[in-house]
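Chemist: next comes the sequence, and after it the predicted model I'd like to discuss.
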Amino acid sequence: MQSAPKSRPGTFTVIEAVPDRLDASPAVPRRRWSGEAKARILEEAMTPGANVSAVARSHQVSPQQVFAWRRKAIRSGAIAILSAKPEIQTQSFAPVEVAPGDGDRAGGLEIVIGDATIRVGSGIAATLLVEAIRALRSA
């Protein structure tokens, strides 16, 4: 059994190769997207709660491409990202006018806030009732 010839120091072989595309991945021309199409896809992808990858797949676009378009549009100032800060809502009480009652009903009040209920009688102090409502809302 003969062994393979050993290379000698200082010798080399030049291999000439011509690059050729593999049959498994045929050449596909690059897609060109119009500005209107990009804007439409970006608008859909940037709606609150949208999944960018799902939007990209629905338009046969790579998600990376949509993210690149978005990044470029933000840097150019064409679009702006809205802050994710929730809006601060001020709370206020509705005006209440107390009318004199018949006198035949037992005095009392029932206040429902969410899934909690406060029942008070007619002899409760207003400051105590206000404190109870504030405590319930902060809980």
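Modeler: Looks like it came in fine. Residues are numbered from 1 along each chain as shown.
Chemist: from now on I want contacts and neighbour counts done on CA atoms only, so please keep to that.
Modeler: OK.
Chemist: all helices of this structure, in order?
Modeler: 35-45, 52-58, 63-76, 126-138 (DSSP state H).
Chemist: among these, show the one with the smallest mean pLDDT.
Modeler: Least confident of these, judged by mean pLDDT, is helix 126-138 with a mean of 85.
Chemist: can you list contacts of that one?
Modeler: With C-alpha atoms under 8 Å, 6 or more residues apart in numbering as the test, helix 126-138 has contacts from 113, 116.
Chemist: going by neighbour count, list what's buried in that helix.
Modeler: residue 133 (16 or more other C-alpha atoms under 10 Å).
Chemist: same question for stretch 49-67.
Modeler: 52, 55, 56, 61, 63, 66, 67.
Chemist: sorry, back to before: just so I know, which of the helices of the chain lies nearest residue 94?
Modeler: Proximity to residue 94 (C-alpha to C-alpha) singles out helix 126-138 among these, at 14.1 Å.
Chemist: gap between the closest one and the chain center?
Modeler: 36 Å (C-alpha atoms, centre = their mean, to the nearest Å).
Chemist: cool, and stretch 39-48?
Modeler: Worked out by C-alpha atoms, centre = their mean, stretch 39-48 lies 12 Å from the chain centre.
Chemist: ok, now which ones touch the spatially most central residue of the chain?
Modeler: The C-alpha lying nearest the average C-alpha coordinate of the chain belongs to residue 49 (C-alpha atoms, centre = their mean; 4.6 Å). Not one residue lies near residue 49 by C-alpha under 8 Å, 6+ apart.
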